[in-house]
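Asker: what's the 3D shape of this:
(2 chains)
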Amino acid sequence: MLDIKFIKENPDIIKEAVRKKHLSFNVDELLSVEEKRKATLTAFETLRAEQNTLSDKIPQTADAAERAKLIEDLKPLKEKVQEAEEQVKAVMKEWQTLMLQVPNVPDMSVPEGGSDEENVEVKLIGERPVFDFTPKDHITLMEQNDMVDFERGTKVAGFRGYYLKNDGVLLEMALWNYFMSTLVKKGYQPFHVPSLVTKNTLYGTGYLPQGEEDLYKTQDDTYLSGTGEVAMMSYHSDEVLNASDLPKKYIAMSPCFRREAGSHGKDVKGLIRVHEFFKLEQVILCEANHQVSVDFHEELTANVEEILQSMGLHYHVVVNCGGDLGLGQVKKYDIEVWMPTQEKFRETHSSSYFHDFQTRRLNIRYKDAEGKMQYAHSLNNTLVATPRILACIIENFQEADGRIRVPDVLKPYIGKDYLGK
RNA sequence: GGAAGUGUGGCUGAGUGGUUGAAGGCAACUGUCUUGAAAACAGUCGUGUGGGAAACUGCACCGUGAGUUCGAAUCUCACCACUUCCGCCA
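Answerer: Below is the predicted model of the structure:
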């Protein structure tokens, strides 16, 4: 959600945002509904003021006959007030529907483009691993080493189902522990957050109304969240925070559920794209200042890079083009790790900032130094999402004999040098 | 799932139809006093939105939504959350 004042004063900026994000939204329509909203509201408030004034006279009138006359006189006004109120409600509904579709304005540094194919590489770290044998893909390797069972996974859970087992589970838990403990040392607070959430939280984070078809819905009108960001961000909804408590730095761990509607043909095998996975997500709430947001955005990205480098993974960072940004995102980096058998980088992390887009919807504020209420800024980035990253690690660290070498930094968490049989 | 109760400002807590946006207390802020602090005393102290240069002022908000009424924090209904008891279950 953006400030309607800002939209009214800068319609061209919003139109440019719509264009750059490749959306279809009619800013002029919103502006005309906004005018209608103000006019209807003013009309209603004027009538209501009249009603209040006359109503207040009644208890001050002692004479019963006079009283009865006043009450009688107010009856027609009551109907007019009700009519005006109906009109306000109708316009407000229209207004809110449109307001939820207004995109946040992408940063100047966001490149032009319509899809992820036009994202721009901004950093390249490490080198492609060289194998003196033909490398196997993660599916083959993990099945050979009894780390995964896709056959029974689909039998039990359906399309994209999987069981992780044995060293696959040890690797997964080692990653959770390693990533988590690294960030806790940096002062981030760990949370295990709900993944079954109400509608409002999803509107608040911007996953509704646009993302409806990718969400699993329950018969109780709750949803299975696709990311821990949703519950973590909503943690402080409708709160006024102390400025001195900012920034809030959190790690949200939770299972994540995604219908992957519209991607049935993509990554149909393996652990790259699954309906159900586990994620630790970094979330920051900070003061409402662009440069502060930018600095924390770099921090969230650097946190992950540091860990990927410590494992010796080859990756690059891309800045997402306008068309690949979510409605609320100002700027986004994707971190993509090299997949040897696919001979391309695959997204393992996604780092973005929102300014006050989410906090307006969630009503998360703080009082600044002058005592003025401000909407906080919000940011998030994946810390680690399993099992996708397992696929990357396993392919990159495979040996000729089919075993998987354990990166040095993970050895304390796994207790051995190689995974597999 | 059954029964009863509760839901008011940052917190606590009055208020059961008419200057109540809401008493009192705590916390916070500002002054006086003090070398400084505490204490005491005096004062200030909700949010959003519209009008106005400002003083000021209209409207809305007492869990959410609907209703009754000239008028609702207060009455009615539905929903939600919490508490306690019972049942069931990890």
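Asker: which parts of stretch A:204-216 are buried?
Answerer: Residues of stretch A:204-216 classed as buried by neighbour count (16 or more other C-beta atoms under 10 Å): A:204, A:205, A:206, A:207, A:208, A:211, A:215. C-beta coordinates here come from the backbone N, C-alpha and C atoms, glycine included.
Asker: out of everything not next to it in sequence, what's closest to residue A:411?
Answerer: Spatially, and ignoring its direct neighbours in sequence, residue A:411 is nearest to residue A:417 (6.6 Å; C-beta to C-beta, 6 or more residues apart in numbering).
Asker: which residues touch the one you found?
Answerer: Residues near residue A:417 by C-beta atoms under 8 Å, 6 or more residues apart in numbering: A:405, A:406, A:411.
Asker: Mind checking which of these are buried?
Answerer: Among the contacts of residue A:417, those classed as buried by neighbour count (16+ other C-beta under 10 Å) are A:405, A:406.
Asker: Can you flag which of the contacts of residue A:417 belong to strands?
Answerer: Using DSSP state E, residue A:405 are the members of the contacts of residue A:417 that sit in strands.
Asker: What residues does the stretch 101-250 of chain A have near RNA strand B?
Answerer: Residues of the stretch 101-250 of chain A lying close to RNA strand B (C-beta under 7 Å from any atom of the strand) are residue A:240.
Asker: all strands of the stretch 101-250 of chain A, in order?
Answerer: Remark: strands of the stretch 101-250 of chain A, listed N- to C-terminal, are A:120-125, A:148-149, A:163-164, A:189-192, A:196-197, A:216-217, A:223-224, A:239-241, A:248-257; assignment by DSSP state E, counting those that start in this stretch.
Asker: What pairs with the fifth one, parallel or antiparallel?
Answerer: Sheet neighbours of strand A:196-197, with direction, are listed as strand A:223-224 (antiparallel) (DSSP bridges).
Asker: tally of neighbours for the closest residue to residue A:277 other than its chain neighbours?
Answerer: For residue A:277, ignoring the flanking residues on the chain, the nearest one in space by C-beta to C-beta, 6+ apart is residue A:256 at 5.4 Å. Residue A:256: 20 surrounding residues under other C-beta atoms under 10 Å.
Asker: Let me know whether residue A:256 touches residue A:230 as I believe.
Answerer: No: counting by C-beta atoms under 8 Å, residue A:230 is not a contact partner of residue A:256; they are 9.6 Å apart.
Asker: before we move on, back to that, between the buried residues of stretch A:204-216, which is nearest RNA strand B?
Answerer: Ranked by distance to RNA strand B (C-beta to the nearest atom of the strand), these are led by residue A:204 at 15.3 Å.
Asker: which ones are touching the residue lying closest to the closest one once chain neighbours are set aside?
Answerer: Of all residues not flanking residue A:204 in the chain, residue A:362 sits nearest, at 3.9 Å (C-beta to C-beta, 6+ apart). Residues touching residue A:362, when contacts are defined by C-beta under 8 Å, 6+ apart, comprise A:201, A:204, A:205, A:233, A:234, A:236, A:237, A:238.
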